[in-house]
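*Asks:* turn this into a structure:
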Amino acid sequence: MMQTATSRYAHMTREELIEALEHHDQTLQSIYNTVHLSNKKMAPGEKLFWIGARCVLAGELPNEHGLVRLPTDKVAEFIGMSESSASRYASDVIERYEATKVPVPYTTKKGQDRILTYIDKSDPVWNEPWAVNLTEEKERTINGNGKYCEHCKTYNLQVKTQRLTYQEIQECECCGYKKVSAILTDKDKLDPMEYIPEKKGPQAGEPFAGEEKGLGICIPYDPLTQAHAEAEEKKVSRLESLSLESWLAQRIGHGQVIVSTGNLEEPKYITKPAGYTPDLAAYLQGKLNHLYGSRPALPNGTTYLLGFDLDAPELDKKHRYMMFRLALAGIASAYWKRRPGRGHLEVYTDAPVDRRAFYAHLLRICPDLAAIPECFPVGSDQNTGGADRADFGYSWPLWYRIDDQVYECAADFMFPDRPGELVSSPGIKSDRAGLAYLIAQTITPASLIPALPAPEQVAPQEDGGVLVDKPLEVQPSGPYSDADDLAPVVLAAINERLTWEDIAALCGGLHRDRFRSPTHDEDKPSVVIRGKYASDFGRTPSGRPETRDKFGWWCAARGLDQTAELNRLITEYKHKGQVAS
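*Replies:* Residues are numbered from 1 along each chain as shown. You can find the predicted model right below:
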């Protein structure tokens, strides 16, 4: 008889599942950030050791001094490494990051003397090694770490040594066996020389033929299969036709243009008069009084871009991971670096798309984006009073201003064909041609953004239910006096007649005990029914859970003012009822 495997998540509550998913996501981010550390900070073997240590240390209990044992034997077994290698990597990492290391003598049950290593798990290296700024003296030496090349003016000069005599040392990391050779001599000596490669002419497929490439930028593109040919042809056409002026013009959207004042406090921007046309050439040159912003939403609710304002260091640290998630789903992105610990994450399309569908699609790909309260031209937070960000100005990305100083914005880019790999540009002043090429590669086909799903159609109830396409009516239940307060009477009658199925029908249908909120966009229903009331636990305009009765949610779903609608029903109730003498 076939047995069905039981999921280890099946018994969990909703809160436990959320906690487990958040823990898994945190682990994934830690591993991702460590793997992408520069080899100057951690060798590949040290990264593998750190990942194993992170998992094993979670089960170690602290001693009376708050320190925990670093069990290199368990770490080695966990990652399939020899214990001697794990011990060596542990020592190197601890020394380089200046972490706590306390040797503690220990005697085994067999009487053998050992030295155990105790560490402090609160040291940065065991939590966020990617956030530690190592001094140059502490970095690993890798072929000179790239010295300055007088010929091409880059820091890619690698130093190698030619030794005329040497000894070969063979050592087994597993058992400690060692063999040393006699002194050996190279037979072929190299004469002193300097080799300067010939400069090649423009090659087919190079990004900017006939122009100098920017520092640190190398963007080859090689389609993986023949199926990419059509997309490649379109991209090449876009690379040839894109101008920064036309790309900036797509940001203007609607409404009035804003200009930066350079103030870090309000007012950060001033609004130009209606009809003002920004001087795009002056902006591209970084002119002090021409650092613009605009409202990117077009009048019909579409947009060429979404911009996420990562204005806190904890958000800024996650930008690479967010770009990685987008790239895995075929979405390229750019991250414009502004003041330290701040930046703008932007996604572009080659044709206008519905801004809410655009936002919903990116959140499905990378839920972490929902933690960013300011997204233009979609989203709302405490800074907007619950208003739609379509009417809020958003600064342009190439420059930022502090007082009377203008600074170019460096940028990171990530592309679907190389997820996880950041391609950096120093900015428009340092490398305009290279930056334009990167922006052109970042533009996503609008066809990849799916439309919002149509609301589910629910048939109206026949036995006392409410017809969703007709105004709400309340029949009087008896005589009343004009002096009576009819609001509670009418409200009770409305709530008694309405059903949660009626309200959910206006919001895409009922999903067990919840439905989608009519006050904000969301992929999953966030309004939970609790008896006579329902509470919205999603991204509400106020930023807090919102609770309403049936009448309140019915008005919200129909876009009606609740007070005005109640007054209308009270008047209708009076008109239909009998007035007591």
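*Asks:* mind giving me the domain ranges of the protein?
*Replies:* 28-138, 232-448, 487-576 (automatic domain parsing).
*Asks:* mind putting those domains in CSV, mean pLDDT, mean neighbour count and distance to Ala20 included?
*Replies:* (Each C-beta comes from the backbone N, C-alpha and C, glycine too.) Formatted as CSV, the domains of the chain follow (pLDDT from 0 to 100; neighbours: other C-beta atoms under 10 Å; distance: least, C-beta to C-beta, whole Å):
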stretch, mean pLDDT, mean neighbour count, distance to Ala20
domain 28-138, 88, 15, 13
domain 232-448, 87, 18, 15
domain 487-576, 83, 17, 17
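*Asks:* tell me the contacts of Leu242?
*Replies:* Ala436, Ile439, Ala440, Ile443 (C-beta atoms under 8 Å, 6 or more residues apart in numbering).
*Asks:* if you set the cut-off to 6 Å instead, what comes out?
*Replies:* With contacts defined as C-beta atoms under 6 Å, 6 or more residues apart in numbering, the neighbours of Leu242 are Ala440.
*Asks:* so it versus Gly343, what's the distance?
*Replies:* To Gly343, Leu242 is 23 Å away according to C-beta to C-beta, to the nearest Å.
*Asks:* for the stretch 151-300 of the chain, which segments count as strands?
*Replies:* Under the criterion DSSP state E, counting those that start in this stretch, the stretch 151-300 of the chain contains strands at 165-166, 169-171, 178-180, 184-185, 254-260, 269-271, 292-295.
*Asks:* next, give phi and psi for the spatially closest residue to Val102 that is not a sequence neighbour.
*Replies:* Distances taken as C-beta to C-beta, 6 or more residues apart in numbering place Tyr118 nearest to Val102, at 4.4 Å, with adjacent residues excluded. Per-residue torsions, Tyr118: phi -110, psi 140 (degrees, to the nearest 10).
*Asks:* what are the bridge partners for Tyr118, then?
*Replies:* Here Tyr118 sits in beta bridges with Arg69, Val102, going by DSSP bridges.
*Asks:* Ala390 should be in a helix, yeah?
*Replies:* Yes - applying DSSP: H, G, I helix; E, B strand; the rest coil, one finds Ala390 inside a helix.
*Asks:* surely it is in contact with Pro377?
*Replies:* Yes - proximity of Ala390 to Pro377 meets the contact threshold set by C-beta atoms under 6 Å, at 4.5 Å.
*Asks:* who touches both of these two?
*Replies:* Ala297.
*Asks:* how about the helices in the stretch 401-550 of the chain?
*Replies:* 432-442, 487-497, 500-505, 550-558 (DSSP state H, counting those that start in this stretch).
*Asks:* mind putting those in a markdown table, distance to Lys318 included?
*Replies:* Shown next, in a markdown table, are the helices of the stretch 401-550 of the chain (distance: least, C-beta to C-beta, whole Å):
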| stretch | distance to Lys318 |
| --- | --- |
| helix 432-442 | 19 |
| helix 487-497 | 44 |
| helix 500-505 | 35 |
| helix 550-558 | 33 |
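*Asks:* that older thread, how about the strands of the stretch 151-300 of the chain, which one is nearest Leu310?
*Replies:* Among the strands of the stretch 151-300 of the chain, strand 292-295 comes nearest to Leu310, with 16.6 Å by C-beta to C-beta.
*Asks:* what does that closest one contact?
*Replies:* Contacts for strand 292-295 (C-beta under 6 Å, 6+ apart): 251-255, 257-259, 269, 278, 283, 393-396.
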